[in-house]
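**Student:** Whatever this is, show me its structure:
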Amino acid sequence: MEFGIFVQGYVPEGRRRGDPQAEHHALMEETEYVIQADKSGFKYAWASEHHFLDEYSHLSANDVFLGYLAHATDRIHLGSGIFNPLPQVNHPAKVAEKAAMLDHLSRGRFEFGTGRGAGSHEILGFLPGITDMNRTKEIWEETIAEFPRMWLEDEYPGFQGKHWSLPPRKVLPKPYGPAHPAMWYAAGSPSSYEMAARKGLGVLGFSVQKVADMEWVVDSYKTAIAAAEPVGAYVNDNVMVTSTAVCAETHAKAVEIAASGGLHYLQSLLFRYHDTFPRPEGIPQWPELLPEYTEEVIELLIAEELMICGDPDEVFRQCKRWEQAGADQLAFGLPVGVPYEDTMRTIRLIGEHVIPKIDTDPVHRTARMRRAG
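**Tutor:** Below you'll find the model as predicted:
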């Protein structure tokens, strides 16, 4: 199992009240997390693309963000988690151009993740008047197979679809190195995992909350990908899942850090904006918030395998559970309310004590697939 981190430009109101430059500081700190993750042996860093989601995510121009990191890092793969390729948001030809440019700037380290947006507040900003959020699936389906053609064909022969069109044009630059960047899809439901697998796409499993969820994810995905008809030049057989992570020298210190990180506020914002997600019982309607997480709540979340938290030996055992459940990649959504130094300590400790014991392959899984394709 490989390791990654996930950043999103989280700027909660509480941070802004104490720091008039909170937005700037949050974005720059997240670049430092990726740079440290690169030094610590993490193989992937994923950057979100969200629009209009105040507090929750201010990382809207992730192509710019990743372009900076392409120069600031050496080995870590840099992924769009996601690029939104709906033509009403970003014209597909421009998405193809940006992806190929990032592939050059990173010397083949770019990972192409796509998705359809984070709920009605975001989607209706670009597609006003639609009544069925599932319509975005139809638009995405029409678009996704065109990217490999734009990358690999000398002159793209053009496209005339229901939702967008392009006359014959050379889409430039072409990707760096063999084939094209590994292609991923941000999936939520079991049917989405199966659909991604049939197209030969890796899955960004942001919806997987705990180890027990992996069984249906792996079953639905791995069964379908065995018979994939890839839209790209090769199959990206990969399931990535995310979990919150806090690692400190002692269990007590890790729990104390987690309890002070304002995780309840981030979760409340998640359900504020991701209104297409199933809403678990007990999640209040915004602006009502979830109760603050006490140390007792953190201990319960650890016991229920809903977060990774503890000293290095504990974190190793918790990560091993994800590997045993079938995850190909475990990406840490860092608890962004936690102070900078505590977050950097988590990255360093996991890099020193956990990753070398689990990820013993020096080659990135997607790099091997790309070369074979």
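**Student:** where does this structure have low pLDDT?
**Tutor:** Filtered on pLDDT under 70, the chain yields no residues whatsoever.
**Student:** Show me the strands in it, by range?
**Tutor:** Per DSSP state E, the chain carries strands over the ranges 2-7, 44-47, 77-80, 110-114, 159-160, 165-166, 182-186, 202-205, 239-243, 245-247, 308-310, 329-333.
**Student:** want to try a markdown table for these, with distance to Glu341 and mean neighbour count as columns?
**Tutor:** Yep, even glycine has a C-beta here, placed from its N, CA and C like the rest. Supplementary listing: the strands of the chain in a markdown table, determined by distance: least, CB to CB, whole Å; neighbours: other CB atoms under 10 Å:
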| stretch | distance to Glu341 | mean neighbour count |
| --- | --- | --- |
| strand 2-7 | 16 | 24 |
| strand 44-47 | 20 | 27 |
| strand 77-80 | 24 | 27 |
| strand 110-114 | 29 | 28 |
| strand 159-160 | 50 | 13 |
| strand 165-166 | 48 | 14 |
| strand 182-186 | 31 | 25 |
| strand 202-205 | 29 | 29 |
| strand 239-243 | 21 | 24 |
| strand 245-247 | 13 | 29 |
| strand 308-310 | 17 | 25 |
| strand 329-333 | 17 | 24 |
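**Student:** His91: which of the ones you listed is closest?
**Tutor:** Of all the strands of the chain, the one in closest proximity to His91, counting by CB to CB, is strand 165-166 (8.2 Å).
**Student:** And the strands of the chain: which comes nearest Leu290?
**Tutor:** Short answer: strand 329-333, nearest of the strands of the chain by CB to CB, at 16.5 Å.
**Student:** follow-up on the earlier one: Throw the strands of the chain into JSON lines and include distance to Ala228, thanks.
**Tutor:** Formatted as JSON lines, the strands of the chain follow (distance: least, CB to CB, whole Å):
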{"stretch": "strand 2-7", "distance to Ala228": "20"}
{"stretch": "strand 44-47", "distance to Ala228": "21"}
{"stretch": "strand 77-80", "distance to Ala228": "20"}
{"stretch": "strand 110-114", "distance to Ala228": "17"}
{"stretch": "strand 159-160", "distance to Ala228": "23"}
{"stretch": "strand 165-166", "distance to Ala228": "26"}
{"stretch": "strand 182-186", "distance to Ala228": "12"}
{"stretch": "strand 202-205", "distance to Ala228": "11"}
{"stretch": "strand 239-243", "distance to Ala228": "13"}
{"stretch": "strand 245-247", "distance to Ala228": "31"}
{"stretch": "strand 308-310", "distance to Ala228": "31"}
{"stretch": "strand 329-333", "distance to Ala228": "18"}
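**Student:** Looking at the ones you listed, which is nearest to Glu142?
**Tutor:** The closest approach between Glu142 and any of the strands of the chain, judged by CB to CB, belongs to strand 159-160 at 8.9 Å.
**Student:** Tell me the gap between the closest one and the middle of its chain.
**Tutor:** Between the mean C-alpha point of strand 159-160 and the mean C-alpha point of its chain there is a distance of 30 Å (CA atoms, centre = their mean, to the nearest Å).
**Student:** do you know which of the strands of the chain lies nearest Pro87?
**Tutor:** In this view, these are compared for proximity to Pro87 by CB to CB, and strand 165-166 is the closest at 9.0 Å.
**Student:** ok, back up a step: which among the strands of the chain is found nearest to Val211?
**Tutor:** Among those, the nearest to Val211 by CB to CB is strand 239-243 (8.9 Å).
**Student:** Quick check: end-to-end length of stretch 275-286?
**Tutor:** End-to-end distance for stretch 275-286, by CA to CA, to the nearest Å: 11 Å.
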